[in-house]
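> My questions concern the predicted model and sequence given below.
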Amino acid sequence: MAFSVRHLNAWYGKSQALYDITLDIQPLRVTAAIGPSGSGKSTFVRCLNRMHETTVHGRASGEVIVEDVNIYSPGIQPLYVRRHIGMVFQQPNPLPTQSIFDNVAIGARLNGVAKGKALSELVEQSLHQAALWNEVKDRLREQAGQLSGGQQQRLCIARALAVQPKILLMDEPCSALDPIATLQVEELIDHLKGSYTIVIVTHNMQQAARVSDRTVFFLSGNLIEEGTTEDLFRKPLKQETEEYITGRFG
Amino acid sequence: MSVTTRKAAPIGNPFRPANQTLNLRRQVVNSAAVVISAIFAAVGVVFLLYLIIYVYQQGSHFLTLQFFTQAPAAYGETGGGVQPAIVGSLVIVGLAALFGIPLGLFTGIYLAEFGRGWLAGVVRFMVDTLTGIPTIIFGLFIWVLIVVPSHSFSALAGGMALSIIMIPTVARATEEVLRLVPKELREASIALGATESRTIWSVVLPSAISGIITGITLALARVAGETAPLLLTALGSSFAFKSILRPTAALPLQIFNYTLSPYDTQIHQAYAGSLILIALVILASFAVRWATGGFKPRD
């Protein structure tokens, strides 16, 4: 399933955040976007599911092509894009007062995907996929706000998976988690790999090296280098890449 | 060395004041400020308590069962009650809620969620101005618009006048509470492919619901006691409630009319009615604080 980006530019008001990004994203694999703060990696990922334009004064141009369809073409409504390209955010954001079951179901309910028994099965399946089922199967009706940080993030992943997207975008999903929870989420990403195309933004280079198959390095809104994770970390082609991964800046 | 207590700290000790007169003056000014604030606070409370106690003394022994269930007696006679006024007030405030809650709620939602650009600024300015307008003007407005063309004072007109008064309170409370809902919650919903209105209805609003109910409760408690707008719209009546298209009694109106009368019984009944209104406001405040956990210290 083809997923590629052609000449993507993005702005916040007048200030440009991404310059002419062109890239092919490998399907059913994990691609990591790394770079220092402000390099545009989060902006890039948010452009992939048209979330960037929900930011005040956010604007993007160019093409993002999923299975031969350019999601930025005029006839396409953003909300249909977002149903097929899911997103997990840095700060776990479950709906705190609603139950665990309702949290996972909400995406399916909002889009009318499933009802009744089919919905319960979907919720269970999504929680299994997010490696959370065993921990919450006896308390599905409890409030989601009672879960720990790592559990909440896995709940958000389950929620995103429940709408059955083809692509999963993750914007620094482990930044707000402790090391054990981080490990759980990374293992989860490893499990999901063969079934979903995943793009993950991370400022933690060790994490990028652990979970991803390909890595993209951003700097000041430009795509500096892109390649297999092993190649990029062992034998970077550009000087800026080498300086970043060896910690000389950023 | 003999054990003597030193009077002043040796020079160079950082924990004692260097300048004793300055220090003394600061302590005095500080204490004075605290005392003065306490006095002013006490003054406010004392007036309120005096008011409540006086009204209670004048009217409490008239709060009989008869008072709550019977129609008014003729002026000058003893006995009688304010049952029509209580029912009328309930009807009028109910109508006000019917019109005012949706108007205020959706205005608040508009201002918080969709309000960008000049139109929102205009709406916000209008809403703020509405809070300051003397309430008799709303009565006049509805009088011209509804009462005159329909040739009748009515509870409906009264409800409409009160609903306009309610709008700014409900709208502002709704807007503030909606703004407090974190952006992340909205983003989560949008990232799942929900439309903006679905996001607001299913995700944002439920999070803010307790604050909105607070705003609505306070607005209703306030309009329940408004007299001026009802003078020109509901007019008042001594008879039991019949129809919302007819002049209807209301508690504040009844109090107003009774107070102006020269008869003792009626004046005491006015105090009794005032006691009911005060109790209503206090009850609403307590209900709101209880519902939002206001009595417990927040951590």
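Done, it's in.
> Contact residues of chain A facing chain B?
By the rule CB under 8 Å from any CB of the partner chain, the part of chain A lying against chain B is A:49, A:51, A:54, A:79-84, A:86-87, A:89, A:91, A:93-98, A:106-107, A:109-111, A:156, A:159-160, A:163. Where C-beta positions appear, they are placed from N, C-alpha and C, glycine not excepted.
> What residue in chain B comes nearest to chain A?
Closest contact between chain B and chain A, by CB to the nearest CB, is at residue B:193 (3.4 Å).
> tell me the mean pLDDT for stretch A:81-96?
For stretch A:81-96, mean pLDDT rounds to 90.
> What are the neighbouring residues in contact with residue 79?
If you meant another chain, say so; for now it's chain A. Neighbouring residues of residue A:79 by CB atoms under 8 Å, 6 or more residues apart in numbering or on different chains: B:190, B:193-195.
> wrong one, chain B
Counting by CB under 8 Å, 6+ apart, residue B:79 has contacts B:66, B:70, B:73, B:265.
> distance of it from residue B:256?
21 Å (CB to CB, to the nearest Å).
> Tell me where the model's unsure across chain A.
Scanning chain A for pLDDT under 70 picks out A:1, A:249-250.
> Strands of that one, start to end?
Using DSSP state E, the strands of chain A run over residues A:3-12, A:15-25, A:30-34, A:58-66, A:69-70, A:85-88, A:167-171, A:197-201, A:214-219, A:222-228.
> need the residues of the stretch 151-299 of chain B near chain A, please.
Contact residues, the stretch 151-299 of chain B versus chain A (CB under 8 Å from any CB): B:182, B:184-185, B:187-195, B:198, B:202-203, B:206-207.
> before we move on, back to that, and the residue of chain B closest to chain A, helix, strand or coil?
coil (DSSP: H, G, I helix; E, B strand; the rest coil).
> Is it in contact with residue A:106, as I believe?
No - if you go by CB atoms under 8 Å, residue B:193 and residue A:106 don't touch, sitting 11.1 Å apart.
> Quick check: the residue of chain A nearest chain B.
For chain A, CB to the nearest CB, closest residue to chain B: residue A:83, 3.4 Å.
> how close does that residue get to residue A:120?
For residue A:83, the distance to residue A:120 - CB to CB - is 21 Å.
> before we move on, what about residue A:131?
19 Å.
> Mind checking which of the two has more residues around it?
residue A:131 (17 against 14; other CB atoms under 10 Å in any protein chain shown).
> So the more buried one is in contact with residue A:192, correct?
No - Residue A:131 is beyond contact range of residue A:192, at 9.6 Å (criterion: CB under 8 Å).
> got the buried residues for the longest helix along chain B?
Of all the segments of type helix in chain B, defined by DSSP state H, the longest one is helix B:20-59. For helix B:20-59, burial by neighbour count (16 or more other CB atoms under 10 Å in any protein chain shown) applies to B:55-56, B:58-59.
> so can I have a markdown table of those showing pLDDT and distance to residue A:150?
Shown next, in a markdown table, are these (pLDDT from 0 to 100; distance: CB to CB, whole Å):
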| residue | pLDDT | distance to residue A:150 |
| --- | --- | --- |
| B:55 | 92 | 59 |
| B:56 | 92 | 58 |
| B:58 | 89 | 65 |
| B:59 | 88 | 62 |
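> Which residue, neighbours along the chain excluded, lies closest to residue B:131?
Using CB to CB, 6 or more residues apart in numbering or on different chains and skipping residues adjacent in sequence, the residue nearest residue B:131 is residue B:168, 4.4 Å away.
> Out of the strands of chain A, the one nearest residue A:187 is which?
strand A:30-34 (12.5 Å; CB to CB).
> now for that closest one, which elements pack on it?
helix A:41-48, strand A:197-201, helix A:205-211, strand A:214-219 (3 or more CB pairs under 8 Å, 6 or more residues apart in numbering or on different chains; DSSP states H and E).
> Could you list the residues in contact with the last one?
If I follow you right, that is strand A:214-219. Strand A:214-219 is contacted by residues A:23, A:25-26, A:29-36, A:39-41, A:44, A:208, A:223-229, A:232-233, A:236, A:238, A:240-241, A:244 when judged by CB under 8 Å, 6+ apart.
> can you check the first one too?
Contacts of helix A:41-48 with the rest of the structure, by CB under 8 Å, 6+ apart, involve A:5, A:8, A:10, A:12, A:17-18, A:21, A:33-35, A:52, A:55, A:60, A:64, A:85, A:87, A:167, A:169-172, A:199, A:201, A:216, A:218, A:221.
> buried subset of the residues you listed?
A:5, A:8, A:10, A:17-18, A:21, A:33-35, A:52, A:60, A:64, A:85, A:87, A:167, A:169-172, A:199, A:201, A:216, A:218, A:221.
> and the helix or strand that contains residue B:175, what does it pack onto?
Under the criterion of DSSP states H and E, residue B:175 resides in helix B:155-180. Judged by 3+ CB pairs under 8 Å, 6+ apart, helix B:155-180 is in contact with helix B:83-109, helix B:118-132, helix B:135-142, helix B:205-224, helix B:228-231.
> Looking at those helices, which is nearest to residue B:292?
That would be helix B:205-224 among the helices and strands packed on helix B:155-180, by CB to CB, at 5.9 Å.
> Buried residues in the closest one, which are they?
Result for helix B:205-224 [16+ other CB under 10 Å]: buried residues B:205, B:207-208, B:211-224.
> Specify the angle between that helix and helix B:135-142 in degrees.
100 degrees (axes from the mean of the first three to the mean of the last three CA atoms, to 10 degrees).
> In terms of secondary structure, what does helix B:205-224 contact?
If contacts are counted by 3+ CB pairs under 8 Å, 6+ apart, helix B:205-224 sits against helix B:83-109, helix B:155-180, helix B:264-291.
> which parts of the shortest one are buried?
In this case it means helix B:155-180. Residues of helix B:155-180 classed as buried: B:155-178 (neighbour count, 16+ other CB under 10 Å).
> next one: the longest one
Buried residues in helix B:264-291, counting neighbours by 16+ other CB under 10 Å, are found at B:265-278, B:280, B:284, B:288.
> Now do the contacts for residue B:281.
Here residue B:281 is in contact with B:221, B:224-225 (CB under 8 Å, 6+ apart).
> again, 7 Å this time
Residue B:281 makes contact with B:221, B:225 under the criterion CB atoms under 7 Å, 6 or more residues apart in numbering or on different chains.
> Could you check the pLDDT of it?
For residue B:281, the predicted pLDDT is 85.
> Against residue B:82, how distant is it?
For residue B:281 relative to residue B:82 (CB to CB), the value is 17 Å.
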